[in-house]
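> quick one, fold the following:
(chains A and B)
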Amino acid sequence: DTGVSQNPRHKITKRGQNVTFRCDPISEHNRLYWYRQTLGQGPEFLTYFQNEAQLEKSRLLSDRFSAERPKGSFSTLEIQRTEQGDSAMYLCASSPGGGVTDTQYFGPGTRLTVL
Amino acid sequence: GQQVMQIPQYQHVQEGEDFTTYCNSSTTLSNIQWYKQRPGGHPVFLIQLVKSGEVKKQKRLTFQFGEAKKNSSLHITATQTTDVGTYFCAGLVVTDSWGKLQFGAGTQVVVTP
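Here you go, the predicted structure:
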């Protein structure tokens, strides 16, 4: 068990550029979550996958954001036409999916800085 | 906005002292989870409380879940420098067949030797 991994760990981009982040969950975890964390705040839920199906999206996820989990394993989060307000830590978490209250395990996050 | 509130936002503690951080939700929770995030790190799961009035201990950490399942507390005794970090509570709100975690803003703990 290597834990949840995320790449890249840091991303600096210019406003208006597109960026894509990748999350590899713990092997055989059915559920995958994306969160955004800004300085001094707790993680805020963005979206949730059960296997390859995206079952919920937060209103925080504007139309510039898209997430996929094509084969039910790794997931990508793309932000188009980045804005300075997108600067944050993007966290991915996974859970086994065995029950409603299963524990979520977080990855190290991708820190995005939009100049 | 977040519906889970945590107080205090900051906690400066002398090494060896005790402190408590509190978590309050505007809605009844299915369970409450606590995470610790070290500076520059990511949230690490500490514990989950499910039952009304439940109390759990992990060494010097004592976690409580309120009778109404709307509040929780974390009490740390004899604080050590290794306790430095931000402690988040996260309330689980069940929607359909899965649970959404709503995090508080965290209590940032600084320990003075």
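
> excluding covalently adjacent residues, which one is nearest to A:Gly85?
For A:Gly85, ignoring the flanking residues on the chain, the nearest one in space by C-beta to C-beta, 6 or more residues apart in numbering or on different chains is A:Val114 at 7.8 Å. For glycine as for every other residue, the C-beta is placed from the backbone atoms N, C-alpha and C.

> measure that neighbour to A:Arg64 for me?
Distance, A:Val114 to A:Arg64, using C-beta to C-beta, to the nearest Å: 12 Å.

> give me the common contacts of the two.
Residues touching both A:Val114 and A:Arg64 (C-beta atoms under 8 Å, 6 or more residues apart in numbering or on different chains) are A:82-83.

> how about the residues of chain A by chain B?
Proximity of chain A to chain B (C-beta under 8 Å from any C-beta of the partner chain) is limited to residues A:31, A:33, A:40-45, A:48, A:50, A:55-56, A:91, A:100-101, A:103-109.

> now, of those residues, which are buried?
For those, a neighbour count by 16 or more other C-beta atoms under 10 Å in any protein chain shown gives the buried set as A:31, A:33, A:41-45, A:48, A:50, A:56, A:91, A:104-109.

> most proximal residue of chain B with respect to chain A?
The nearest approach of chain B to chain A comes at B:Phe103, 3.1 Å away (C-beta to the nearest C-beta).

> you'd agree the residue nearest to A:Gly85 is up against A:Asp86?
Yes. Shown here, A:Val114 and A:Asp86 form a contact pair, counting by C-beta atoms under 8 Å, at 5.3 Å.

> what pLDDT does A:Asp1 get?
With respect to pLDDT, A:Asp1 has a value of 53.

> what of A:Thr101?
In this model, A:Thr101 is scored at 71, pLDDT.

> assign it to helix, strand or coil.
coil (DSSP: H, G, I helix; E, B strand; the rest coil).

> in terms of helices and strands, where is the spatially most central residue of chain B?
When C-alpha atoms, centre = their mean is applied to chain B, the residue found nearest the centroid is B:Cys89 (3.7 Å). Using DSSP states H and E, B:Cys89 sits in strand B:85-95.

> got the buried residues for that strand?
By 16+ other C-beta under 10 Å, the buried positions in strand B:85-95 come out as B:85-93.

> show me which pair in these is furthest apart.
The span of the buried residues of strand B:85-95, defined through C-beta to C-beta, is set by B:Gly85 and B:Val93 at 25.1 Å.
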